[in-house]
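1. Sequence and computational prediction follow.
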Amino acid sequence: MRKSPKYSPEVIERAVRMVFEAKDQYASQWAAIESIAGKIGCTAETLRRWVRRAERDRGLREGPTTAEQQRVKELEREVRELRKANEILKLASAFFAQAELDRRFKS
């Protein structure tokens, strides 16, 4: 499987800006994306995803913004960590409760 090249935020921002500025020069947004993607050196689908993300971030399209998506990822990570910690605490609690019962019966 081929790894796609990483593009700098400046290149992404410039490509998206070019699509927004060129919308009147092409029959459709897709035509603009195809033309500009060739000039930037990325695939049309990659540029389309960048444009859609920019539209969501600017409030031009429905859906979660980049910041909202990042916040959800952070919260999901935190929930996973808390569930692990909770499970460890439950096991430790059960272990110490059993140890206390064993100690009482031996005394």
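-> Happy to help now that I have it.
2. switch to C-alpha atoms for all contacts and neighbour counts from now on
-> Will do.
3. tell me, how many neighbours does residue 44 end up with?
-> Per other C-alpha atoms under 10 Å, the neighbour tally for residue 44 reads 19.
4. try residue 61
-> Other residues lying near residue 61 total 13 when counted by other C-alpha under 10 Å.
5. now do the one 4 residues further on
-> If you count neighbours by other C-alpha under 10 Å, residue 65 ends up with 17.
6. Same check on residue 75?
-> Other residues near residue 75 number 12, with proximity taken as other C-alpha under 10 Å.
7. How about residue 54?
-> Neighbour count of residue 54, defined by other C-alpha under 10 Å: 20.
8. Is it in contact with residue 16, as I believe?
-> Yes: in terms of C-alpha atoms under 8 Å, residue 54 counts as a neighbour of residue 16; the distance is 7.4 Å.
9. which parts of the helix or strand containing residue 50 are buried?
-> In this assignment (DSSP states H and E), residue 50 forms part of helix 44-57. If you call a residue buried by 16 or more other C-alpha atoms under 10 Å, then helix 44-57 has these buried ones: 44, 47, 48, 50, 51, 52, 53, 54, 55, 56, 57.
10. Now do stretch 52-68: everything it contacts.
-> With C-alpha atoms under 8 Å, 6 or more residues apart in numbering as the contact definition, stretch 52-68 has outside contacts at residue 16.
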